[in-house]
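[1] A structural model of the following input is requested.
(chains A and B)
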Amino acid sequence: MNIFKMNEKERKKAINKLLSDISSEQLLKELIEEGLEIEETIIIEQEYKVRLEYENENYCDIFDIHTKSTSNSFVSRFLKNNANKMEIGDAA
Amino acid sequence: MDVKTIVGYHGTTSDNAISILKNGFKISKDKYCKLYLGRGIYFYIEYKDSISWVIKKYRTNHKLLPNIEDLNNEYKIIKTEMVLNEDNILDLDKVENIKIFDEFVNSLEDKLLKEKEYKMAKNKNGAIINYLIRVNYLEGVDIVVRSIRDKIEISDCYSFNDIYRKVICVKNKNIIKSNIIKSKILEEDFDLVKYFFESKSKVV
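    Predicted structure coming up:
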């Protein structure tokens, strides 16, 4: 999209989308604060791939979380915000 | 959609000019965001503005103004032809676009301040444009155009000592259709441009 080609309404929406997007870094911090145990973090530039233990289940990576729980708000937001960066097809 | 041909002038060292002709332009990494319109390849619309740029470069490197022979030996000006769709030009001289740019920056200032590149940027405009590209909010933009204010030396009894030079920053190299090295800078062009580098002040 091109912000200079949008009408005012679309522009506002686009700016709000950017404002609401949480960076992966921020989200990772929130996940830790939530008490989720991070086993392994692989940092690829600004993108984070997180391996964590969720609700005493086995270790799973971010692709697995999608199927095990979308109720957790942070996880849901992580998935939502990173959906375009992930290979969803790899989900368990 | 109208297809447009734009000619731009790019001043560079003689060695770089040969490399550009051979291998094409390269977009520099510009790690510290020194560039006015962000990462890209820069051109002046006016040939004489590119002469002014090489004179300035020479003066910075040698701490003196060049004579025409030395300038022609050390620097070359590349004339580049670009073909693009008119819709893919972002003209930041237009008030409506400046307003959008300003609204964007005001709304996202807090977010931008968290961006490493923005914080470190020597040129905030450039960092904002790079950010817009990174978040895919400048899709389809091939060039960014903006006039840059420059100081010139003129008599101090009136106030025309600012000049505006229109600059193109190419974001999409594919629009470049040809590059040629302009023949040597002519004496009359050189003298005209150099005139504005020499102080006209009567104050001693």
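[2] Touching, B:Ala121 and B:Cys33? I think so.
    Yes: B:Ala121 lies in contact with B:Cys33 (Cβ atoms under 8 Å); the separation is 3.5 Å. (Glycine included, C-beta is placed from N, CA and C.)
[3] between these two, what contacts are shared?
    Residues touching both B:Ala121 and B:Cys33 (Cβ atoms under 8 Å, 6 or more residues apart in numbering or on different chains): B:Ala127.
[4] Those residues of chain A touching chain B, which are they?
    A:Met1, A:Asn2, A:Ile3, A:Phe4, A:Lys5, A:Arg11, A:Ala14, A:Ile15, A:Leu18, A:Leu19, A:Ser23 (Cβ under 8 Å from any Cβ of the partner chain).
[5] following the worst-scoring helix or strand of chain B on mean pLDDT, which helix or strand shows up next?
    Sorting the helices and strands of chain B by mean pLDDT, DSSP states H and E puts helix B:116-120 at the bottom, at a mean of 81. Next along the chain after helix B:116-120, taking DSSP states H and E as the criterion, comes helix B:124-134.
[6] Let's see if you can find the most crowded of the residues of chain A next to chain B.
    A:Ile3 (23 neighbours; other Cβ atoms under 10 Å in any protein chain shown).
[7] What score does the closest residue to it other than its chain neighbours have for pLDDT?
    Nearest non-adjacent residue to A:Ile3, counting by Cβ to Cβ, 6 or more residues apart in numbering or on different chains: B:Tyr137, 4.5 Å away. If you check B:Tyr137, the pLDDT there is 92.
[8] wait, what's in contact with B:Tyr137?
    With contacts defined as Cβ under 8 Å, 6+ apart, the neighbours of B:Tyr137 are A:Met1, A:Asn2, A:Ile3, A:Ala14, A:Leu18.
[9] Could you identify the most distant pair in the residues of chain A next to chain B?
    A:Lys5 and A:Ser23 (26.0 Å; Cβ to Cβ).
[10] Work out the gap between the longest helix along chain B and the centre of the chain.
    Assignment by DSSP state H gives helix B:95-114 as the longest helix of chain B. Relative to the chain's own centre, helix B:95-114 is displaced by 22 Å; criterion: Cα atoms, centre = their mean, to the nearest Å.
[11] Just the ones of the residues of chain A next to chain B in strands?
    Per DSSP state E, strands hold no members of the residues of chain A next to chain B.
[12] Which single one of the residues you listed is nearest to B:Arg59?
    Closest to B:Arg59, out of all of the residues of chain A next to chain B and judged by Cβ to Cβ, is A:Phe4, at 36.4 Å.
[13] pLDDT value on the closest residue in space to B:Ile129 that isn't next to it in sequence, please?
    Nearest non-adjacent residue to B:Ile129, counting by Cβ to Cβ, 6+ apart: B:Gly38, 3.6 Å away. The score at B:Gly38 is 92. That number is its pLDDT.
[14] The one 3 residues further on too?
    Predicted confidence (pLDDT) at B:Ile41: the value is 96.
[15] B:Thr5 versus that one, what's the distance?
    According to Cβ to Cβ, to the nearest Å, B:Ile41 stands 17 Å off from B:Thr5.
[16] Which one's more surrounded, those two?
    More crowded of B:Ile41 and B:Thr5, by other Cβ under 10 Å: B:Ile41, with 22 against 10.
[17] and that one, how far is that from B:Lys173?
    Using Cβ to Cβ, B:Ile41 is found at 7 Å from B:Lys173.
[18] got any residues that touch both of the two?
    Counting by Cβ under 8 Å, 6+ apart, the residues touching both B:Ile41 and B:Lys173 are B:Phe25, B:Ile27.
[19] now what about stretch B:60-74, what contacts it?
    For stretch B:60-74, using Cβ under 8 Å, 6+ apart, the contacting residues are B:13-14, B:54-55, B:58-59, B:184-185, B:187, B:190, B:194, B:197-198.
[20] what about 7 Å?
    Stretch B:60-74 is contacted from outside by B:Thr13, B:Ser14, B:Val54, B:Ile55, B:Tyr58, B:Arg59, B:Lys184, B:Ile185, B:Glu187, B:Phe190, B:Lys194, B:Phe197, using Cβ atoms under 7 Å, 6 or more residues apart in numbering or on different chains.
[21] now swap in stretch B:159-168 and tell me
    Counting by Cβ under 7 Å, 6+ apart, B:6, B:8, B:36-37, B:42-46, B:49, B:143, B:145-152, B:154 sit against stretch B:159-168.
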